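Provided below for reference: sequence and predicted model.
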Number of protein chains: 4
Amino acid sequence: MASRGVNKVILVGNLGNDPEIRYMPSGGAVANITIATSESWRDKATGEQREKTEWHRVALFGKLAEVAGEYLRKGSQVYIEGQLQTRKWQDQNGQDRYTTEVVVQGFNGVMQMLGGRQGGGQGMGAPMGGGQQQQGGWGQPQQPAAAPQQNFAPQQQQSAPQQQAPQQPQQQYNEPPMDFDDDIPF
Amino acid sequence: MASRGVNKVILVGNLGNDPEIRYMPSGGAVANITIATSESWRDKATGEQREKTEWHRVALFGKLAEVAGEYLRKGSQVYIEGQLQTRKWQDQNGQDRYTTEVVVQGFNGVMQMLGGRQGGGQGMGAPMGGGQQQQGGWGQPQQPAAAPQQNFAPQQQQSAPQQQAPQQPQQQYNEPPMDFDDDIPF
Amino acid sequence: MASRGVNKVILVGNLGNDPEIRYMPSGGAVANITIATSESWRDKATGEQREKTEWHRVALFGKLAEVAGEYLRKGSQVYIEGQLQTRKWQDQNGQDRYTTEVVVQGFNGVMQMLGGRQGGGQGMGAPMGGGQQQQGGWGQPQQPAAAPQQNFAPQQQQSAPQQQAPQQPQQQYNEPPMDFDDDIPF
Amino acid sequence: MASRGVNKVILVGNLGNDPEIRYMPSGGAVANITIATSESWRDKATGEQREKTEWHRVALFGKLAEVAGEYLRKGSQVYIEGQLQTRKWQDQNGQDRYTTEVVVQGFNGVMQMLGGRQGGGQGMGAPMGGGQQQQGGWGQPQQPAAAPQQNFAPQQQQSAPQQQAPQQPQQQYNEPPMDFDDDIPF
DNA sequence: TTTT
DNA sequence: TTTT
């Protein structure tokens, strides 16, 4: 709660992929997203236009994670305010590895969807996502269900899919999104 | 020069070690520092006070690197504004590894020494640094060891006054913290 | 609690005066401070060094106001994170007037004292403040004059130790700047 | 160029009106915009949803002013990074008045249009603006003319209307947008 | 005066 | 992997 020093990251960029939502044993949501920021400049030597994209790992917790899971999609533009956090983990060779993420959590964390609601529309039969791409904005809630106001309600079973499927052996990314899950080997 | 998106990191913390200064083939300086920020909170379960320190790698370039090398020391408190950058490199096994740093460079980068000049001065014969620890402030300018001084501008001599005048006992603080006698407009 | 948009101000500067503390009918504290930031540059035309100081009105609320009242003094260096707020009021002629302030409040507000504890201590009989100027750091806790102390929590007594023990000559710095002996992970 | 202290404002919000562009005697552009940020919360007492909008005066200079003038419109969503500046001026009664603005200028200033290009489309015959309202995004350039790369070129006559009409006696806002123009009475 |  |  108290802190000595300031540790703040501010990002505005677009998601490289749909958010990955997981749930902690406590039931709290975690959303992992990657955000691209880019810079472009004219190369002094060659005179040609160059561009470099920086990719940022962002982990959102709690309510912000749920909102991210519902509204953000690949391509969505967001404002993020969080803090830098470096996690230590062991790779398959037992070697220490470090991963740095922007953690968006608690009262210091901010996530703002930018660009206004986009795409979608009333009476849209099929859920968006089948290869379509939105342009910066944010979409329709993913699981609007019958009662949208229940999205943040206690009964998170609906949105806690790992309870039905506690193991995801097929999970292929070999770097930990966050160290809350004890036994994940990476 | 142009950029799409925002990639900004703001840190206030203390250096874990003296800066490491290197020079690029171009002659430009690079300073690597590690900055600690910490958070403390009361554990709800055990009721005891807990603290976690986060360490940040920071790389400063150009003039800010030179200033860091001259004035910052282990323990110095700084304000840093830079951007996140993740570098890819190969370890000894040829495996891809990634390191994330806060890069402080060009016009977007900011480095401000905090806490006012401290320690040093008063006929201190030996350069500070032999295990001593200053509390937050920043020190006397220090010559960049074996580093090529031609990298520095001519007036650098003036700003390293301890060479001509190693002792300035009268110099308490020759830089006012602020013009407090300005007419505050409210 | 929710917000559309971002409204954030970050200041690092020195106080132009001692904080002015007031208490709201509710008992909550409000601290008004003025912070100076300055920029200096070389005038292209005349070639001379110029400097401009900008003064910022800052209003802190709640616990941060209490901390400001206890520890900040004229000259103290602080990091402030708050939001812009413009108040409308009527002058004596009934004309509308506007005042813009940086409001530091609630969970989005941050106030960090910079530069480490300073001055005070060492058998100083009288409370600091009689025209002296500290250089950046923050001082000994000070009793809030005629202010209602019931606003403060019980453990406040402990944090105002100079009442029971006005002199602590042995107390140089009883708060470490940072755990430098932590294992820095890189 | 150098600075002691940090003076930084970050805003994300929507324009309340089209930008007002003016040109200084030097030919440099100035854009004045107002940005809204808002917060909403549930009133504890009444239980009803409440919202408060904060309006920010923002002054952009130079190239960013030109970009603002071309692409931003009423309703556009922007990210702004600038610094607080309070100007003193005299009202018609000769009384001192102060106006605080967010100044976006030089290398520290940032203006990012959010939400992606909107409206418009290829072969759009009529320029947007006739009372239409865009939703957050930014539009077609206002005066794409024949040579878009001339927008920032010396011949700014096209976009320096005050040269043809040096006086704007009809100008009704009685508070100065910025103090570069000597004789404006407000 | 904007947005949701 | 995103956006322009």
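Looks like it arrived, so ask away. Being a predicted model, the structure only gives us computed values, none of them experimental.

Strands of chain A, residue ranges please.
Applying DSSP state E to chain A gives strands spanning A:2-4, A:6-15, A:20-23, A:29-42, A:49-61, A:77-90, A:96-104, A:110-113.

And the first one, what does it pack against?
In terms of contact count using 3 or more Cβ pairs under 8 Å, 6 or more residues apart in numbering or on different chains; DSSP states H and E, strand A:2-4 is assigned the packing partners strand B:29-42. From N, CA and C alone the C-beta is placed, and that goes for glycine too.

The strand it packs on: partners in the sheet, and parallel or antiparallel?
The strands beside strand B:29-42 in its sheet (DSSP bridges) come out as strand A:2-4 (antiparallel), strand B:6-15 (antiparallel), strand B:20-23 (antiparallel), strand B:49-61 (antiparallel).

That one to strand B:77-90, inter-axis angle?
110 degrees (axes from the mean of the first three to the mean of the last three Cα atoms, to 10 degrees).

Buried residues in strand B:29-42, which are they?
Residues of strand B:29-42 classed as buried by neighbour count (16 or more other Cβ atoms under 10 Å in any protein chain shown): B:Ala29, B:Val30, B:Ala31, B:Asn32, B:Ile33, B:Thr34, B:Ile35, B:Ala36, B:Thr37, B:Ser38, B:Glu39.

So which residues on chain A come close to chain B?
A:1-14, A:35-42, A:54-56, A:79, A:83-86, A:93, A:97-100, A:102 (Cβ under 8 Å from any Cβ of the partner chain).

Tell me if I'm right that A:Gln49 and B:Ala2 touch.
No - contact between A:Gln49 and B:Ala2 fails when scored by Cβ atoms under 8 Å: they sit 9.5 Å apart.

Near A:Gly47, how many other residues are there?
Using other Cβ atoms under 10 Å in any protein chain shown, A:Gly47 has 7 other residues around it.

Check A:Arg50 too.
Per other Cβ under 10 Å, the neighbour tally for A:Arg50 reads 10.

And the strands of chain A, which one averages the lowest pLDDT?
Lowest mean pLDDT within those: strand A:2-4, at a mean of 84.

For that strand, buried residues please.
Per 16+ other Cβ under 10 Å, strand A:2-4 contains these buried residues: A:Ser3, A:Arg4.

And for stretch A:44-61?
Using 16+ other Cβ under 10 Å as the test for burial, stretch A:44-61 gives A:Glu54, A:His56, A:Arg57, A:Val58, A:Ala59, A:Leu60, A:Phe61.

who touches that stretch?
A:11, A:13, A:16, A:28-43, A:68, A:80, A:82, A:99-106, A:109, A:111, A:177-178, B:7, B:83-86 (Cβ atoms under 8 Å, 6 or more residues apart in numbering or on different chains).

Please name the residues that touch the nearest residue to A:Ile10 once chain neighbours are set aside.
Spatially, and ignoring its direct neighbours in sequence, A:Ile10 is nearest to B:Lys8 (4.5 Å; Cβ to Cβ, 6 or more residues apart in numbering or on different chains). For B:Lys8, the contacting residues are A:Val9, A:Ile10, A:Leu11, B:Glu81, B:Gly82, B:Gln83, B:Asn108, by Cβ under 8 Å, 6+ apart.

before we move on, what about A:Ser76?
For A:Ser76, the contacting residues are A:Asn14, A:Leu15, A:Met113, A:Gly115, A:Gln134, A:Gly136, A:Gly137, A:Trp138, A:Gly139, by Cβ under 8 Å, 6+ apart.

Need those in TSV (columns: neighbour count).
Shown next, in TSV, are the contacts of A:Ser76 (neighbours: other Cβ atoms under 10 Å in any protein chain shown):
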residue	neighbour count
A:Asn14	23
A:Leu15	22
A:Met113	21
A:Gly115	23
A:Gln134	22
A:Gly136	22
A:Gly137	25
A:Trp138	26
A:Gly139	22
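
Up against chain C, what does chain A have?
So chain A meets chain C at A:3-6, A:79, A:81, A:86, A:88, A:98, A:107-108, A:110, A:112 (Cβ under 8 Å from any Cβ).

what's the closest of those residues to chain D?
Of all the residues of chain A next to chain C, A:Tyr79 has the smallest distance to chain D: 5.5 Å, by Cβ to the nearest Cβ.

Can you get me a residue count around the residue in chain A that DNA strand F sits nearest to?
The nearest approach of chain A to DNA strand F comes at A:Gly16, 2.3 Å away (Cβ to the nearest atom of the strand). A:Gly16 is flanked by 14 other residues according to other Cβ under 10 Å.

and the residue lying closest to it once chain neighbours are set aside, what are its bridge partners?
Nearest residue to A:Gly16, sequence neighbours excluded (Cβ to Cβ, 6+ apart): A:Thr34, at 4.3 Å. Under DSSP bridges, the beta-bridge partners of A:Thr34 are A:Arg57.

ok, now how distant is A:Tyr79 from B:Met24?
34 Å (Cβ to Cβ, to the nearest Å).

More neighbours: those two, which one.
For A:Tyr79 and B:Met24, the more surrounded residue by other Cβ under 10 Å is A:Tyr79, and the numbers stand at 21 against 12.

In this structure the more buried one contacts C:Asn7, no?
No - judged on Cβ under 8 Å, A:Tyr79 makes no contact with C:Asn7 at a distance of 11.8 Å.

Verify the stated contact: A:Ser3 with B:Thr37.
Yes - using Cβ under 8 Å, A:Ser3 is in contact with B:Thr37, at 7.1 Å.

can you pull the pLDDT of the closest residue to DNA strand E within chain A?
Nearest to DNA strand E, among the residues of chain A, is A:Gly116, at 3.5 Å (Cβ to the nearest atom of the strand). Looking at A:Gly116, its pLDDT is 72.

Any idea how many residues pack against the nearest residue to A:Tyr79 once chain neighbours are set aside?
Excluding its sequence neighbours, the residue lying closest to A:Tyr79 (Cβ to Cβ, 6+ apart) is A:Gln112, at 4.1 Å. A:Gln112 has 19 neighbours, counted by other Cβ under 10 Å.

Run through the residues that contact A:Gln112.
A:Val78, A:Tyr79, C:Ser3, C:Arg4, C:Gly5, C:Val6, D:Val12.

next one: A:Met113
Counting by Cβ under 8 Å, 6+ apart, A:Met113 has contacts A:Tyr71, A:Leu72, A:Ser76, A:Gln77, A:Val78, A:Gly137, A:Trp138.

ok, back up a step: which one, of the strands paired with strand B:29-42, ends up nearest to B:Ile184?
Evaluated over the strands paired with strand B:29-42, closeness to B:Ile184 peaks at strand B:6-15, with 25.0 Å, by Cβ to Cβ.

Mind listing what's buried along that closest one?
B:Val6, B:Asn7, B:Lys8, B:Val9, B:Ile10, B:Leu11, B:Val12, B:Gly13, B:Asn14, B:Leu15.

Adding distance to C:Ile184 as columns, could you present those in a markdown table?
As requested, the buried residues of strand B:6-15 are exported to a markdown table (distance: Cβ to Cβ, whole Å):
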| residue | distance to C:Ile184 |
| --- | --- |
| B:Val6 | 29 |
| B:Asn7 | 24 |
| B:Lys8 | 24 |
| B:Val9 | 18 |
| B:Ile10 | 21 |
| B:Leu11 | 15 |
| B:Val12 | 18 |
| B:Gly13 | 12 |
| B:Asn14 | 12 |
| B:Leu15 | 11 |
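
Just the closest residue of chain A to chain D, please.
Proximity of chain A to chain D (Cβ to the nearest Cβ) peaks at A:Gly115, 3.1 Å away.

give the contact list for the closest residue to that residue other than its chain neighbours.
Nearest residue to A:Gly115, sequence neighbours excluded (Cβ to Cβ, 6+ apart): D:Gly115, at 3.1 Å. Applying Cβ under 8 Å, 6+ apart to D:Gly115 gives the contacts A:Gln77, A:Leu114, A:Gly115, A:Gly116, A:Gly136, A:Gly137, D:Ser76, D:Gln77, D:Gly136, D:Gly137, D:Trp138.
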